[in-house]
Every structure is written in C-alpha cells, then in structure tokens.
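>>> Below are the sequence and a predicted model for it; my questions follow.
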Amino acid sequence: MIWDIVVFALQSVLVFIVSTALFDALHWTLHKWEGSCFKLLRTFSSWHWVHHKFLGLDMQINPAYAKQNIWFHILPEYLTGMAGTLIFSVVFPGHLSPRSRPSAPSCW
Ligand SMILES: [Zn+2]
C-alpha cells in the first residue's frame, strides 16, 4: 500500500516535470516557427499569436480576440493536452485509472 502511494507520487511528479518542460518547448517552438520557410508552421505560429493578441503582455484581455482565441488557442491546446495524456497513459499504464489510485475503493 505505501509502495503504491510512493510510486503514484513519483509518477505524478515526473509527469508534472515532463509536461511543464514540453509545454515550454512547444511554446518556444511556436514562436520560432513564425519565421519558418514552411507555410504550415507559420500558420501554427499565427494561431498561437492569436492568444497573445487576446491576452497581451500587460495581462489585459482584448475581447475582440475572444472567439478566435477559443478556436486557435484553447482548442489546439486542449487537443495537445489530450495527446500528452494519452502518451503518459501508455508510459504509465493504469496511472490514470481509478483502480490505480491508492485511495480508490477495492470494489471498483
Ligand atoms: Zn507565446
């Protein structure tokens, strides 16, 4: 039982660290793609810039970009998060399952 909690905690810390690093790397890549030779990569970068237009460096929201932000930032971010979750569920099978959680009832 205690070993399950330790393993779960270590897996959670690892997932958090790797996810944060991947997020930063993807964010940096989206900015680098702004000057790419490939139109598709510039398109992905322009989608990201919608978010920066919506939420400026001064942390003020620009309502004019609210709808665009949903389609060009929130939706791709959600799908990327789901893909990451799928990858981690393959790396740590059962980690996301209620049965693997230490506090889960045994009758599940
Ligand atoms: Zn950015």
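Right, received. Where do you want to start?
>>> C-alpha only now, for contacts and for neighbours.
Will do.
>>> This protein: helices as residue ranges?
Counting by DSSP state H, the chain has helices at residues 2-32, 39-54, 66-69, 75-91.
>>> Can I get these in TSV including mean pLDDT, mean neighbour count and distance to Q60?
Listed next are the helices of the chain as TSV, based on pLDDT from 0 to 100; neighbours: other Cα atoms under 10 Å; distance: least, Cα to Cα, whole Å:
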stretch	mean pLDDT	mean neighbour count	distance to Q60
helix 2-32	90	13	20
helix 39-54	95	18	8
helix 66-69	96	16	12
helix 75-91	88	13	20
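>>> who touches the closest residue to A64 other than its chain neighbours in this structure?
Among residues not flanking A64 along the chain, F54 sits closest, at 7.4 Å (Cα to Cα, 6 or more residues apart in numbering). Neighbouring residues of F54 by Cα atoms under 8 Å, 6 or more residues apart in numbering: 61-66, 69.
>>> now with 10 Å?
60-70, 73 (Cα atoms under 10 Å, 6 or more residues apart in numbering).
>>> Looking at those residues, which one is closest to V15?
The nearest member of those to V15, counting by Cα to Cα, is H73 at 22.6 Å.
>>> tally of neighbours for that closest one?
Using other Cα atoms under 10 Å, H73 has 20 neighbouring residues.
>>> so how far is L10 from it?
Shown here: H73 relative to L10, a distance of 31 Å by Cα to Cα, to the nearest Å.
>>> L57 now?
Counting by Cα to Cα, the gap from L57 to L10 is 35 Å.
>>> residues in contact with the most centrally placed residue in the chain?
The residue lying closest to the centre of the chain (Cα atoms, centre = their mean) is G81, at 3.7 Å. Counting by Cα under 10 Å, 6+ apart, G81 touches 19, 23, 75, 87.
>>> for these, which one is nearest S46?
Of the contacts of G81, the one sitting nearest to S46 (Cα to Cα) turns out to be L75, at 14.4 Å.
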